[in-house]
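In: Model the following, please.
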Amino acid sequence: MPLAVTHVLSTIIFVDLYRDYVAKHKKYFTLHTVFIAGIAGLLPDIDLVIRTIGSIFNLNLHWFFQHGNITHTPFFALFFLIPALFLLYKDKKKEAMYFFVIVFGILLHIFLDYLIGGGAYEGIMWLFPFSLQTWRIHLLSCTGISDLPMAIDAVILLAWLYHEEIKHKISDFI
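Out: Numbers count the residues shown, from 1 in each chain. Model prediction:
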């Protein structure tokens, strides 16, 4: 299962690479936008927080608040896509971009859980609420290497730091 660092860094890296090499309007993709994207990369795991709070107060939460259910579906991303489209329609592009990167962070998190393993063991409900059918690849379960998620975190972090050094000369800030 991808660790929290993998979810945050992968989202930050993709949004930052898009910002550096693709975006034509950099004023909509500020460093603040990249930061929000990183937080959004963890947003589907809010179900863990909800379950913890529910257990503290002895609340019997519905099944879709189990880890990997409602918050690990594209339907959850729709709650952020609607305001993004509305803000874009109102010509508030910078604010809309915050919601678009949140949608991207959620969808990337879900895809990583689908591909690598995570969320519900059964898989991801890509078609929720129309279907409860789950799909998964879960590549990590095939390896049997328990420390692989930590190694993935290290490789992602080092690759991103290398890119930042080459592109932005981050050693100049030391």
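
In: all contacts plus neighbour counts: C-alpha atoms, from now on.
Out: Fine.

In: How much space separates G68 from D47?
Out: Per C-alpha to C-alpha, to the nearest Å, G68 is found 8 Å from D47.

In: Compare neighbour counts for the two and give me the winner.
Out: Between G68 and D47, counted using other C-alpha atoms under 10 Å, G68 has the larger neighbour count: 23 against 20.

In: worst-scoring helix or strand of the protein, pLDDT-wise?
Out: Of all helical and strand segments in the chain, the minimum by mean pLDDT, DSSP states H and E falls on helix 139-143, at a mean of 71.

In: I'd like the next helix or strand past that helix.
Out: Downstream of helix 139-143, the next assigned helix or strand under DSSP states H and E is helix 148-168.

In: what's that following helix packed up against?
Out: With contacts taken as 3 or more C-alpha pairs under 8 Å, 6 or more residues apart in numbering; DSSP states H and E, helix 148-168 sits against helix 4-21.

In: for the helix it packs on, which positions count as buried?
Out: 5-17, 19 (16 or more other C-alpha atoms under 10 Å).

In: Over to stretch 88-103?
Out: So, applying 16+ other C-alpha under 10 Å, buried residues of stretch 88-103: L88, K93, K94, A96, M97, Y98, F99, F100, V101, I102, V103.

In: ok, the fifth one - contacts?
Out: When you say that, I think you mean M97. Neighbouring residues of M97 by C-alpha atoms under 8 Å, 6 or more residues apart in numbering: Y28, F29, T33, A84.

In: Quick check: the first one touching K94?
Out: Yes: contact criterion C-alpha atoms under 8 Å: Y28 and K94 qualify, at 4.8 Å.

In: G119: which of the buried residues of helix 4-21 is nearest?
Out: Nearest to G119 among those is H7, at 12.1 Å by C-alpha to C-alpha.

In: In contact with the closest one, which residues?
Out: G38, G41, L42, L108, H109, L112.

In: how close does the fifth one get to Y21?
Out: H109 sits at a distance of 22 Å from Y21 (criterion: C-alpha to C-alpha).

In: and the two most separated of the contacts of M97?
Out: F29 and A84 (14.4 Å).

In: Give me the more crowded residue out of these two.
Out: A84 (24 against 20).

In: and the more buried one, which of the three is it?
Out: helix (DSSP: H, G, I helix; E, B strand; the rest coil).

In: so where's the protein shaky on pLDDT?
Out: Across the chain, the ranges flagged by pLDDT under 70 are 1-2, 63-64, 142-146, 170-174.

In: Give me the nearest residue to L140, chain neighbours excluded.
Out: I116 (5.5 Å; C-alpha to C-alpha, 6 or more residues apart in numbering).
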